[in-house]
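> all I have is the shape, not the residue letters:
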Ligand code: EPS
């Protein structure tokens, strides 16, 4: 299973092609668009989300809503392109050059690497707007996983200095609360605190980061492998999370709890006939040696504050090499709730890939049978 995305933030569209998706999945298009809408929400977002109403338009790989095993192409059109079509398009280039490069964004390293005198040539692609395409594909992976009883969810666990790690997938009531929350959290008191932090940051002219947990319940034991570093599912998940713009760290389970000793850290193993092998604790986050162990997957992504701020940081002008302040362009003060939705998408994709590797990937019904036979063996 593999995919590519393409598109610029203010270009005509974001698009993606997925290859290796199995045949026989009836896709719920409404649920795909629900994921796109979730990605657009969140307290602290900027003006762009008022302009867009992201919708996935599928071009290939399905017939009558059912996947065919052939490449799936999907487009999310940029409404805002109407205002930018003379500035950013394969056919037009315009506007003032962007030279007051923002520390923390792709502006300077991108311009130097590719030889641009206008940082827009880098920043348009580097923008997290590209994650709309990722989420459209992630929504397919999530539906595929659900078909095999695997549910992916998330919650925001930190905004700024207020971290509240949970480490447990939300139950049905908590999931509903998280979906309804503008901060992706099932605790309104915490959300109120976080809103105040975001408001204060907006007033300062700054930006604020945070963290989120992504969960997957119902995973079969044995996805991923320990036999080689690039087959370890923990490494693949960390790579997927750190591939999201602004994500600077990933944690598997309680992986950063370096103060715990071995006997307090590892999850004792039990067995009974009804449940098979199980653990009462889950500090491993559902992964041992890069392999799923049947416990819920728990991974965390940490997002740095967005580099675009009304309070421009000290920088150097790309053209004159003179000291200046960074240019401000419309942006978000906080996009952590959106990053959590993208986190779900990339985790779902990575898990779907690992699942197809283990159980084969042509047709949904074949995979289902393979999973059942395997589940009986490992019990
Ligand atoms: C984004 C759209 C962008 C930004 C944001 C993500 O729209 P615009 O640049 O038109 O405001 O709001 O991009 C960034 C945070 C960034 O640093 O580039 C989106 O749809 O997610």
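Thanks, I have it. Just so we're clear, the structure is a prediction, and the values are computed from it rather than from any experiment.

> residues in the stretch 1-150 of the chain within reach of the ligand, list them.
Selection of the stretch 1-150 of the chain residues close to the ligand by CB under 6 Å from any ligand atom yields 9, 46, 48, 80, 105, 127-129, 131-132. Glycine gets a C-beta too; all of them are placed from N, C-alpha and C.

> contact partners for the residue nearest to residue 42 when sequence neighbours are not counted?
Spatial nearest neighbour of residue 42, excluding adjacent residues (CB to CB, 6 or more residues apart in numbering): residue 337 at 3.3 Å. Neighbouring residues of residue 337 by CB atoms under 8 Å, 6 or more residues apart in numbering: 41-44, 156, 181-184, 212.

> for residue 90, list the residues it contacts.
So residue 90 contacts residue 11 (CB under 8 Å, 6+ apart).

> which stretches in the protein count as helices?
Counting by DSSP state H, the chain has helices at residues 29-40, 48-51, 81-84, 107-114, 120-126, 131-147, 172-180, 188-204, 233-242, 262-265, 336-359, 364-378.

> export those helices as JSON lines, with columns for mean pLDDT and distance to residue 59.
Output for those, formatted as JSON lines (pLDDT from 0 to 100; distance: least, CB to CB, whole Å):
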{"stretch": "helix 29-40", "mean pLDDT": "98", "distance to residue 59": "13"}
{"stretch": "helix 48-51", "mean pLDDT": "94", "distance to residue 59": "23"}
{"stretch": "helix 81-84", "mean pLDDT": "96", "distance to residue 59": "18"}
{"stretch": "helix 107-114", "mean pLDDT": "98", "distance to residue 59": "29"}
{"stretch": "helix 120-126", "mean pLDDT": "98", "distance to residue 59": "21"}
{"stretch": "helix 131-147", "mean pLDDT": "98", "distance to residue 59": "12"}
{"stretch": "helix 172-180", "mean pLDDT": "98", "distance to residue 59": "29"}
{"stretch": "helix 188-204", "mean pLDDT": "97", "distance to residue 59": "38"}
{"stretch": "helix 233-242", "mean pLDDT": "98", "distance to residue 59": "25"}
{"stretch": "helix 262-265", "mean pLDDT": "97", "distance to residue 59": "48"}
{"stretch": "helix 336-359", "mean pLDDT": "98", "distance to residue 59": "19"}
{"stretch": "helix 364-378", "mean pLDDT": "95", "distance to residue 59": "21"}
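
> right, so of these, which gets closest to residue 319?
Residue 319 lies closest to helix 107-114 among those, at 10.2 Å (CB to CB).

> if you count neighbours, what's buried in that closest one?
Within helix 107-114, the residues scored as buried using 16 or more other CB atoms under 10 Å are 107-108, 110-111.

> hang on, the earlier thing: dump the helices of the chain to a markdown table, plus distance to residue 20.
Conversion of the helices of the chain to a markdown table gives the following (distance: least, CB to CB, whole Å):
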| stretch | distance to residue 20 |
| --- | --- |
| helix 29-40 | 18 |
| helix 48-51 | 32 |
| helix 81-84 | 30 |
| helix 107-114 | 30 |
| helix 120-126 | 24 |
| helix 131-147 | 11 |
| helix 172-180 | 29 |
| helix 188-204 | 39 |
| helix 233-242 | 15 |
| helix 262-265 | 36 |
| helix 336-359 | 7 |
| helix 364-378 | 12 |
